[in-house]
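Enquirer: A predicted structure for the sequence below; I have some questions about it.
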Amino acid sequence: MFCWPNTLTGLSGNGAPIGLNAQVSSFGAGFGIVDVDETDGIFEKIYDFVNFLYKSVEFFSFSNHQPQQLILPSVSSTSTMPNPAPKEDTWAFNPIGAPFPDNPVKVLGQQNMYVALWYKNGKPVHGYAWNDGGVVQASFPYGKAELTGKEDLGGMIQVLQYKGDHNTLGYWYEWIKYKERFEKTDVRQLVRCGDSMPILWEGRNGGTLLGYLNMKTEEAYFSQGGKAECVTGKPLSEMKIIMRNLKGGPLGCVCNVCFKAPPPPVPPPLIMLNEWADIRMGDAWPHYKTIKACDRTLNATAGDSGEQHVALWYVHGEPVMGRIWNNGGKVSAAFGWNGKAFVDNIGSIQVLVDLPDRVRGYDYHWRPWSDAAVFDKNARVYYPVHVDHVKGNISPCLLTLPDGKEALGKADIRNERASAVVAGKDERFEGPAVRKFLVLCRKPKPGQKFDE
């Protein structure tokens, strides 16, 4: 097995990892980490690999104890300070049902879908993980079936992590179309393991899915609802794959290096997506700015904090909007779901980040329900912040209670429902009563627009 750019090693018969170490002076294909399984054909694989490098390999060394990596040539950058040599990918090993890992790599455009890896009979298979009330769940296609849960998967799965930024890791993750995989190979590396690589099927009937592509057969497999789907041929070209980009940082990076760099002659495109950050209840209060209800202290019920910030939680795959607040330097949270209030043992959640004005192409506004409930795209001025789900279209909502007190909770605009946790109870409203509440919306800046 070859793993590029991962460092997921093969194991020898006694469980010890083995690896291949090579240094390249000039190689434009943009491949990264190399590991080799201990199989009967290992030397034939090494010979083929050497020929593939067109004699650019300077030396090889083998180790029976520690997997080594292919050292990449330096990559030029337009930033004032080039990235350091790229480090290896980081994968969190977790059994199903374990606490969700920190710093997971989220699938492009998805609120609760993360890049995952699993081994079936020694072969790598990519799929997706999700956060279910603070614990790990995952789905992988295998044959014609979906494998999910402890009984199917057993053992460990792995979730891709990104702990740092391009200044400390030497790379950042980028999603591109499959047909673009041979472009910019001097600064891009495929994320893959063996013959498996993650592939994203957007616009799929039934919802976007992350699966894996068999690179030998060019067959893509996706899993959901107990079944697996196979896609081949031309449709693969428009699907997305994840790459390691070694040059500079991602669009809108707010690190000190990128911020100090001189602005480009032509302004780059502005970010038009919401930015949700993954944290845990009980973590230190985030250092970045988050969206605060009406950007002021609320007239909250006695015992509830008036400093309420927008948060998102998932229960059995269902999105629930709620709030977090700073409780002595730590994150506390409250969510209401199915008439129950959750304020303890919440685990992993997401918070809405207030990106700097210079990188985003929209502004946030707390608007009356009537402004948010505009379903004619041609008449819409304000766009609700929302997560769509089969049970409803869920948005952050500021409720004004009959006694005049305020609480940040959730709104289901489509079904005219709203609720918030007040004094430890899930207070719920339906019908005309919700129309006096405020919904968090976005409005594009002049010259900008949202993709719908």
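Expert: That came through, no problem. Numbering: from 1, shown residues only.
Enquirer: show me where this protein has its helices.
Expert: Taking DSSP state H, the helices of the chain run over residues 42-52, 149-153, 166-169, 256-260, 369-372.
Enquirer: by contact count, what packs against the third one?
Expert: With contacts taken as 3 or more Cβ pairs under 8 Å, 6 or more residues apart in numbering; DSSP states H and E, helix 166-169 sits against no other helix or strand. Where you see a C-beta, it was placed from the backbone N, CA and C, and this is true even at glycine.
Enquirer: please identify the buried residues of it?
Expert: 166-167, 169 (16 or more other Cβ atoms under 10 Å).
Enquirer: also stretch 394-411?
Expert: Residues of stretch 394-411 classed as buried by neighbour count (16+ other Cβ under 10 Å): 394-399, 401, 405-411.
Enquirer: quick one: mean pLDDT for that stretch?
Expert: The pLDDT scores in stretch 394-411 average 97.
Enquirer: now swap in stretch 376-389 and tell me
Expert: Model confidence over stretch 376-389, given as mean pLDDT, is 93.
Enquirer: what does stretch 165-181 give?
Expert: For stretch 165-181, mean pLDDT is 97.
Enquirer: the strands in the stretch 251-400 of the chain, which residues?
Expert: Residue ranges of the strands in the stretch 251-400 of the chain, as given by DSSP state E, counting those that start in this stretch, are 276-280, 309-315, 318-327, 330-337, 340-342, 348-352, 362-368, 383-384, 387-389, 392-400.
Enquirer: mind putting the buried residues of stretch 394-411 into a markdown table with distance to T185?
Expert: Rendered in a markdown table, the data for the buried residues of stretch 394-411 read as follows (distance: Cβ to Cβ, whole Å):
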| residue | distance to T185 |
| --- | --- |
| I394 | 41 |
| S395 | 42 |
| P396 | 42 |
| C397 | 47 |
| L398 | 49 |
| L399 | 53 |
| L401 | 58 |
| K405 | 59 |
| E406 | 54 |
| A407 | 53 |
| L408 | 47 |
| G409 | 49 |
| K410 | 45 |
| A411 | 47 |
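Enquirer: partners of T148 in the sheet?
Expert: Each beta-bridge partner of T148 is listed here: S139, as defined by DSSP bridges.
Enquirer: distance of it relative to W130?
Expert: Distance check for T148 against W130: by Cβ to Cβ, to the nearest Å, it reads 10 Å.
Enquirer: joint contacts of the two?
Expert: Taking Cβ atoms under 8 Å, 6 or more residues apart in numbering as the contact rule, T148 and W130 both touch 137-139.
Enquirer: so which of those is the closest to G317?
Expert: Comparing these against G317 with Cβ to Cβ places Q137 closest, at 8.4 Å.
Enquirer: ok, for that closest one, nearest residue in space, not its chain neighbours?
Expert: Leaving aside its sequence neighbours, Q137 sits nearest to W130 (Cβ to Cβ, 6 or more residues apart in numbering; 5.4 Å).
Enquirer: what's that neighbour in contact with, if anything?
Expert: Residues in contact with W130 (Cβ under 8 Å, 6+ apart) are 112-114, 137-139, 314, 317.
Enquirer: what do you get if the cut-off is 7 Å, keeping everything else the same?
Expert: By Cβ atoms under 7 Å, 6 or more residues apart in numbering, the contact list for W130 reads 112-114, 137, 317.
Enquirer: report pLDDT for it.
Expert: W130 is given a pLDDT of 98.
Enquirer: okay, it and K443: tell me how far apart.
Expert: In this structure, W130 lies at 31 Å from K443, with Cβ to Cβ as the measure.
Enquirer: what about the shared contacts of T148 and W130, which one has the most neighbours?
Expert: S139 (27 neighbours; other Cβ atoms under 10 Å).
Enquirer: so what's that residue up against?
Expert: 127-128, 146, 148, 223-224.
Enquirer: mind listing the residues bridging to L399?
Expert: Using DSSP bridges, the bridge partners assigned to L399 are A407.
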